[in-house]
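# Pasting a predicted model and its sequence here:
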Amino acid sequence: MRTITNHCIQRLSERYLLDLTHKELNNIKKLIKTGYYILIRVEDNKVRLLTRYQGRYITFVMTSDFNKFITALPYNQNELPYIEQFVKEFDI
């Protein structure tokens, strides 16, 4: 099973103007597994979280075991408190 969907790569390109390789996404996954994220929501077997990469805050949907990226969601106004929490927690 692929840990990164082509759909996710396409959405990162469209929504964040990031053309990331599978290797870069694997690095992001490693960061997430170390706790470098803010949890937004748990939905069945998926989680929505916010992390930061290359100076950009990115909202991902992943499997609940953090092993597979499903998609990258666009920003919306509701994410601002999570960004503030991220800044406080990670001192960025």
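Done, it's in.
# can you give me the strands for this structure?
38-43, 46-53, 56-63, 69-73 (DSSP state E).
# Let's have those in a markdown table, adding mean neighbour count and distance to residue 10.
Bear in mind the C-beta positions are built from the backbone N, C-alpha and C, glycine included. Supplementary listing: these in a markdown table, determined by neighbours: other CB atoms under 10 Å; distance: least, CB to CB, whole Å:
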| stretch | mean neighbour count | distance to residue 10 |
| --- | --- | --- |
| strand 38-43 | 14 | 21 |
| strand 46-53 | 18 | 17 |
| strand 56-63 | 19 | 14 |
| strand 69-73 | 19 | 9 |
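# Switch these over to TSV; also include distance to residue 81 and mean pLDDT.
Conversion of the strands of the chain to TSV gives the following (distance: least, CB to CB, whole Å; pLDDT from 0 to 100):
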stretch	distance to residue 81	mean pLDDT
strand 38-43	9	95
strand 46-53	10	96
strand 56-63	12	95
strand 69-73	16	93
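# Now render the ones you listed as JSON lines, adding distance to residue 13.
Supplementary listing: the strands of the chain in JSON lines, determined by distance: least, CB to CB, whole Å:
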{"stretch": "strand 38-43", "distance to residue 13": "22"}
{"stretch": "strand 46-53", "distance to residue 13": "14"}
{"stretch": "strand 56-63", "distance to residue 13": "12"}
{"stretch": "strand 69-73", "distance to residue 13": "9"}
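# Those strands: which one's closest to residue 24?
When these are compared by CB to CB, strand 46-53 sits nearest residue 24, at 8.0 Å.
# The closest one vs strand 69-73, what angle?
70 degrees (axes from the mean of the first three to the mean of the last three CA atoms, to 10 degrees).
# Identify the residues contacting strand 46-53?
18, 24, 28, 31-32, 36-42, 57-64, 66, 70, 73, 79, 82-83, 86, 90, 92 (CB atoms under 8 Å, 6 or more residues apart in numbering).
# list the contacts for the residue nearest to the spatial centre of the chain?
The structure's the chain has its C-alpha centroid closest to residue 60; by CA atoms, centre = their mean the separation is 3.3 Å. Remark: with contacts taken as CB under 8 Å, 6+ apart, residue 60 is in contact with 8, 32, 48, 49, 50, 51, 69, 70, 71, 72, 73.
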